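got a structure for you, letters missing:
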């Protein structure tokens, strides 16, 4: 679903702040990594999630 929006019901199961970056103001932007548990997905949502993860994995493969 290139350029589209996907929405899945999920729970955050872990969150770790790995960095902090200054902004133009005195505020800071936190860089975090999160783990999600997807809950109660329909068959269509499961297929869309699988297709999206496959497309991302393919796009991130190093060029030989």
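Looks like it came in fine. Note that this is a predicted model, so its numbers are computed, not measured. Residues are numbered from 1 along each chain as shown.

Every contact and neighbour count from this point should use C-alpha atoms.
Will do.

Scan the protein for its longest strand.
strand 10-22 (DSSP state E).

partners of that one in the sheet?
strand 28-38 (antiparallel) (DSSP bridges).

which outside residues touch the strand it pairs with?
8-23 (Cα atoms under 8 Å, 6 or more residues apart in numbering).

Would you mind checking which of the residues you listed is nearest to residue 58?
residue 8 (21.6 Å; Cα to Cα).

Would you confirm that the closest one contacts residue 45?
Yes. Counting by Cα atoms under 8 Å, residue 8 does reach residue 45; the two are 7.0 Å apart.

What is the burial count for residue 52?
15 (other Cα atoms under 10 Å).

that's a helix at it, yeah?
Yes. When DSSP: H, G, I helix; E, B strand; the rest coil is applied, residue 52 is found to be in a helix.

For it, give its distance to residue 21.
Counting by Cα to Cα, to the nearest Å, the gap from residue 52 to residue 21 is 29 Å.

now do residue 15
Taken as Cα to Cα, the span from residue 15 to residue 21 is 17 Å.

Out of the contacts of strand 28-38, which is nearest to residue 56?
Comparing those against residue 56 with Cα to Cα places residue 8 closest, at 16.9 Å.

Which of the three states applies to the closest one?
From three-state DSSP, the assignment for residue 8 is coil.

Tell me who's in contact with it.
Residue 8 touches 38, 39, 41, 45, counting by Cα under 8 Å, 6+ apart.

now, among those, which is nearest to residue 4?
Using Cα to Cα, residue 45 comes nearest to residue 4 of those, at 13.3 Å.

got the angle for the host helix or strand of residue 57 vs strand 28-38?
Counting by DSSP states H and E, the element that carries residue 57 is helix 43-59. Following axes from the mean of the first three to the mean of the last three Cα atoms, to 10 degrees, one obtains 130 degrees for the angle between helix 43-59 and strand 28-38.
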